[in-house]
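Chemist: Build me a model:
(one chain, ligands or ions: 1)
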Amino acid sequence: MTTKEISGVVLLAWRRNQLSLGGRSVDLDWLLDIGGGLKWSCLQKLFLEPSRKVKLTKSLEKLEICWRKHLEESIPLQYLVGYCPWRDFELEITADALIPRQETEILVDIALSIRSLNSSGVWVDLGTGSGALAVALARALPAWQGLVVDCSPNALELARRNLEKLAPNAKWELFLGSWWEPLKPWWGSIELALVNPPYIPSAIVEYLAPVVRDHEPRLALCGGPDGLSHLRQVINGATQSLSKGGWLLLEHHHDQSEIVLSLMKENGFKDVDYGSDLSGIKRFAIGRWF
Ligand SMILES: C[S@@+](CC[C@H](N)C(=O)[O-])C[C@H]1O[C@@H](n2cnc3c(N)ncnc32)[C@H](O)[C@@H]1O
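Modeler: Just a heads-up that it's a prediction; the model follows:
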């Protein structure tokens, strides 16, 4: 990677110029940081002391091409840059998979806070997409066996590259197929399942911001007419797939907590509870199978 030193005055003028084209400063600063290697803290120092010099890993011309493409075609910056930070690592990102969201990091925190987890066992990440949850689990639970599923071959290949790079010494295997189906040989022995399924009701998908609606895979977004089609399948399938005492951790839409918790209880789950995102919204459902 080549780095180029430029004057802070030039950079700040360039930044003002780009913002005059449109877009949010938070996104442009993300591009400068993740795409150009200019840490947010360095940019803040530059505002106070513009005479400083800064190093960039990409030319301003290349960064401008990304920014204009983002503005003109609503392409997410993560797809244009090709990677994105998530938890304590950086994932390769392509348009074959959902861009992992910050709130989904909490699903991992909930999993790792379960006190009854053994020192080894079997975890699954169903609908892995970029492999974000799988990488986090593989790194945090290196003595466990990981089973990673997606029905999109391209997403699964992306997850493979991320796992190979970020969790090369952990034990994980990839499976192409629908939810629990490809894991039949492990049914009854899975102790921990993390699932962030598509949960947006089909009609609402059409009203999402173009940056999501027109670029992220429909397969990763659309949860059927009421948004619950996949959640129902996952909860139902968990009853034959989890071990006795096994945990199911789900992410869902902002208004689905009550119904998802009821579905888990109706299916015989115990210790059913919710988890909240950083805004205090109930976005996660947790239950234990006995
Ligand atoms: C909301 S995305 C979550 C991606 C990733 N786990 C994350 O949190 O960023 C849902 C994922 O489920 C996958 N998916 C959709 N239907 C599926 C099915 N029937 N079986 C397995 N995976 C499915 C999609 O391809 C997509 O990668």
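Chemist: what separates the most centrally placed residue in the chain from the ligand, distance-wise?
Modeler: Nearest to the centroid of the C-alpha atoms of the chain, with distances taken as C-alpha atoms, centre = their mean, sits Pro100, at 1.9 Å. In this structure, Pro100 and the ligand are 4 Å apart, going by C-beta to the nearest ligand atom, to the nearest Å. (Each C-beta comes from the backbone N, C-alpha and C, glycine too.)
Chemist: List the contacts of Ala203.
Modeler: If you count contacts by C-beta atoms under 8 Å, 6 or more residues apart in numbering, Ala203 has them with Pro225.
Chemist: Same check on the one 5 residues further on?
Modeler: If you count contacts by C-beta under 8 Å, 6+ apart, Leu208 has them with Ile200, Leu221.
Chemist: Surely it is within a strand?
Modeler: No: secondary structure assignment (DSSP: H, G, I helix; E, B strand; the rest coil) places Leu208 in coil, not in a strand.
Chemist: what about the closest residue to the residue nearest to the centre of the chain other than its chain neighbours, how many neighbours?
Modeler: Counting by C-beta to C-beta, 6 or more residues apart in numbering, the nearest residue to Pro100 once its immediate chain neighbours are dropped is Ala132, at 3.8 Å. Here the number of neighbours of Ala132 (other C-beta atoms under 10 Å) works out to 29.
Chemist: Check the one 3 residues further on too.
Modeler: Neighbourhood size, Val135 [other C-beta under 10 Å]: 28.
Chemist: For the closest residue to it other than its chain neighbours, list the residues it contacts.
Modeler: With C-beta to C-beta, 6+ apart as the criterion, Val135 has its nearest non-adjacent residue at 4.7 Å, and that residue is Leu166. Contact criterion C-beta under 8 Å, 6+ apart gives Phe89, Leu91, Val135, Ala138, Arg139 as the residues in contact with Leu166.
Chemist: before we move on, what about Val260?
Modeler: Applying C-beta under 8 Å, 6+ apart to Val260 gives the contacts Leu228, Leu231, Ile235, Leu250, His252, Ala285.
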